[in-house]
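Q: After the sequence you'll find the predicted model.
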Amino acid sequence: MEFNENFTIARKTKNLIIQIDPLLENIPKKDLFSRDTIKETTITLLESIYHANLIKRDKERKLYYQEQSIVKLRLLDFHIERLYKLKYISGKKVINISNSIEELNKMIYGWIKSAMWL
């Protein structure tokens with residue numbers, strides 16, 4: 001059961017990355033650092049989820065990667081909000097992405113809770 005839940009988290013993370021990627025094309029050249037930071041954050045988010053999913057026995061290490069996933073989601077949320085404030089993306093897109101981030105956040109917190117009881 002744990003694998004299926006984590007697979008869902010990975011799938012939703014991939015969908016979030018696919019949702020964000022086209023938005024990054026609209027970022028002006030003067031702010032390419034932000035674009036690159038967002039890309040790196042999304043990939044390291046997915047990487048942290050994969051790491052945590054592979055760890056079966058070391059609960060502390062698993063928790064570390066799960067917490068890293070939460071940190072990456074928060075950073076991603078900040079960067080998306082910044083893009084909106086700089087008027088690089090619309091309010092509707094921010095709402096859609098924020099909803100996806102919030103859903104992932106809840107799923108990862110649930111994953112952390114369930115892993116603590118194993």
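A: Done, it's in. Residues are numbered from 1 along each chain as shown.
Q: For this structure, give me the ranges with low pLDDT.
A: Scanning the chain for pLDDT under 70 picks out 1-6, 117-118.
Q: those strands in it, which residues are they?
A: Here the chain has no strands by DSSP state E.
Q: Of all residues in it, which one is nearest the centre?
A: Geometric centre of the chain, nearest residue: residue 73, 4.1 Å, by Cα atoms, centre = their mean.
Q: quick one: contacts for that residue?
A: 45, 101, 104-105, 108 (Cβ atoms under 8 Å, 6 or more residues apart in numbering). The C-beta positions use only the backbone N, C-alpha and C, and glycine is treated the same way.
Q: List only buried entries from those residues.
A: Neighbour-count burial (16 or more other Cβ atoms under 10 Å) is assigned, among the contacts of residue 73, to 45, 101, 104, 108.
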